[in-house]
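Asks: Model the structure of this input:
(chains A and B)
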Amino acid sequence: MWYMNEEREQLQKMVRDFAEAEVRPFVKEMEEHDAFPREIIRKAGELGLIALSFPEQIGGMGPKWVEMGIFLEEISRVSNCVGNTFASINAGTALLLQMGSPELIQNYVIPTMMGQMIPASAQSEPCGGGRIQDFTCTVAIEGNELVINGGKIFCTNAGHADYYTVNCRTKAPYSEPFGSTSLVLVPAGTPGLKVGHIENKVGWHGSSTGQLYFTDCRVPMSNLLATFDMDESMLAAGAFSVAITMACGMLGGAEGVYEKALAYAKERMHGDKSLFDSYQAMRHTFAELKMEIELLRGLVFGVLEDLDKGDYNVAVRAITAKVKGARIFEHVASECIVLCGGNGTIVENDFERYYRDAKMNSIGGMSINYLTDVIASQL
Amino acid sequence: MKIAVCIKVAPDPDQYNKIKLDSETKTLVREGIDSVISSTDLHAIELALQLKSKFGGKISLISMGPPSNDKQLREGLSYGCDDAWLLCDRKLGGADALATSYTLSKGIEKLGGFDLVLLGNASDDGSTAHVPSQLGEWLGLPHLTDVIGFEMADEGGALVKKELDNGVNEYRLRLPAVVGVTKRLNKVRHPSVMGIFQAKNKPLTVLSATDLEGLDEGRIGLAGSPTQAAGYREVAYGRECVEIEGSDAEKAAELVKILKTYASI
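Replies: Next up is the predicted model:
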């Protein structure tokens, strides 16, 4: 690959070994019991894998975008859910890193980078996804405290996170310098914070998605990350980071199920020839899927290389990678089930897990419909 | 504590289904197959790292092979080893276990001063399990193979557990010594990201045959190898269904007989 060098090949091998040794044995537990991969996150943190996307100023390795892409891709070859959990760590700390005080960075970001803490970003509300002006979760300022009331839904890592960055409407009447939106860090276990129902999703079993309730939940003023007049355009401006990290996982997931199906088709005998050698239709389908995967790779790592060069003008391509990546992953997983015939449909054979996880990528981390609209709005 | 770890670069076991044999040379055709550090050697590296973390010191990696082995040596360095040495010369090509152990011993003698020489008990590919003992003999050092336990003794030397077919022997081993380890010895760690980034800046030195003092050229490479592959054949594994007839007691007796014969129970 054009973006690989010896160091990156070693990283790829290391992560591939890590995924086989640490992630694959845990997949069954995640599927059957919705078990959260905390221990995997801790080990990845110890090895410095999470630090790949954190700046050197706080002890991170980079950010090294291509290396982070290799990490997420390789993890997702085994479990797109675990890959996405690592992507959610990036999303959960991005604003904290940009806006948090040195004390918050020391107490929350650095332990997260080392795999010792799990973050969560609490954004969506029942009133609707991206229309933040409709959000009803409020924060009021009382003396030196922030008081939160309201609720959040679809919060990734709910119940397992050690802290939540909560997007709140600043309660009127507010005065300067407070804006209409406030981002507040709420540690897990804070009185007044209650984790509600954890959703039973079609895919990403083991990734906890749930509701949060805030009832007179008080945190010190120092937990205020930022306050500003936020609108949807600001939300869209931050979309590229989430989009490209998730696209790395989609690439890995598509590769994982593709390689599994190809190996099956080459090993499964049909008379004296393998399935693969028996049917030209199958070979061409595999070829088509391979081309889709390589198209996605070109897009994903092209964006990551630009980010490494400091070119952050990648929003359209990063969002394209997320939207097209979700469709490619789902198509590849769907076709692989068909290519493996009856064995493709059996749960224990683990093809359908990729298909269910692929579907989640169309919604999680901003829906592909919303993101397509973001691109349309820039035409 | 100064430790040498000998590593062999072997075909990736995950790609054994691609391996072909050259009918002329009776050797593996390695084109198109990735190479990796032989898996038991990783357990030797792990032991060395554990000893270094407890007692301090330095770990040197030594390998014999083509220039491309530098990739696996860099990987070995990423685990936390300190330097690497590649014995690389066309004259060394085609070596069997004896010629390999002789050449490695000359490399180890050149570097000198090791308290411990560690290596995998047997490689993933050749799997003769000859090299550790032969290396000990060439170096004139005590040696133990099939090692499943190793710890330093308070009174000096090491307490070593060696696996036998029907049990475990425990030894007190005087150092310096050569130890061939098995996969049961420990769990190999993953290299860290920092380890990978640091590995490229660690010293990796290539030594040719002329760099090895006192080397007897009659003992190296193909010419110095008394064992050669005489031939090979493919072994086909098939499954056969056997129906046991008779009364329940007769069936049980027959089953026991089959298990004793074929499964060595």
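
Asks: Which residue comes closest to residue 73 once chain neighbours are left out?
Replies: Chain wasn't specified; assuming chain A. residue A:252 (3.8 Å; CB to CB, 6 or more residues apart in numbering or on different chains). No exception for glycine: its C-beta is placed from N, CA and C like everyone else's.

Asks: looking at chain B here, not the other one
Replies: residue B:84 (4.0 Å).

Asks: Mind checking the pLDDT average for the one helix or strand residue A:256 maps to?
Replies: Using DSSP states H and E, residue A:256 sits within helix A:239-267. The pLDDT scores in helix A:239-267 average 95.

Asks: quick one: the residue nearest the centre of chain B from residue A:187, how far?
Replies: By CA atoms, centre = their mean, chain B has its centre lying nearest to residue B:120, at 3.1 Å. According to CB to CB, to the nearest Å, residue B:120 stands 48 Å off from residue A:187.

Asks: returning to what we had before: helices or strands up against the helix or strand containing the residue nearest to residue B:73?
Replies: Secondary structure from DSSP H and E places residue B:84 in strand B:83-87. Counting contacts by 3 or more CB pairs under 8 Å, 6 or more residues apart in numbering or on different chains; DSSP states H and E, strand B:83-87 packs against strand B:58-64, helix B:70-78, helix B:97-111, strand B:204-207.

Asks: Just give the strands next to the last one in its sheet, each with its orientation.
Replies: Going back to what we said before, that points to strand B:204-207. Counting by DSSP bridges, the strands paired with strand B:204-207 are strand B:83-87 (parallel).

Asks: coming back round to it: pipe the helices and strands packed on strand B:83-87 into JSON lines and attach mean pLDDT and mean neighbour count per row.
Replies: As requested, the helices and strands packed on strand B:83-87 are exported to JSON lines (pLDDT from 0 to 100; neighbours: other CB atoms under 10 Å in any protein chain shown):
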{"stretch": "strand B:58-64", "mean pLDDT": "97", "mean neighbour count": "24"}
{"stretch": "helix B:70-78", "mean pLDDT": "96", "mean neighbour count": "24"}
{"stretch": "helix B:97-111", "mean pLDDT": "95", "mean neighbour count": "22"}
{"stretch": "strand B:204-207", "mean pLDDT": "97", "mean neighbour count": "16"}
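
Asks: ok so residue B:132 is a helix residue?
Replies: Yes - assessed by DSSP: H, G, I helix; E, B strand; the rest coil, residue B:132 belongs to a helix.

Asks: Would you check that residue B:147 makes contact with residue B:180?
Replies: Yes - counting by CB atoms under 8 Å, residue B:147 touches residue B:180, with 6.3 Å between them.

Asks: So for these two, which residues contact both of them?
Replies: Residues touching both residue B:147 and residue B:180 (CB atoms under 8 Å, 6 or more residues apart in numbering or on different chains): residue B:121.

Asks: tally of neighbours for the nearest residue to the residue nearest to the centre of chain B once chain neighbours are set aside?
Replies: Excluding the flanking residues, the one nearest residue B:120 by CB to CB, 6+ apart is residue B:40, at 2.8 Å. Counted with other CB atoms under 10 Å in any protein chain shown, residues neighbouring residue B:40 total 24.
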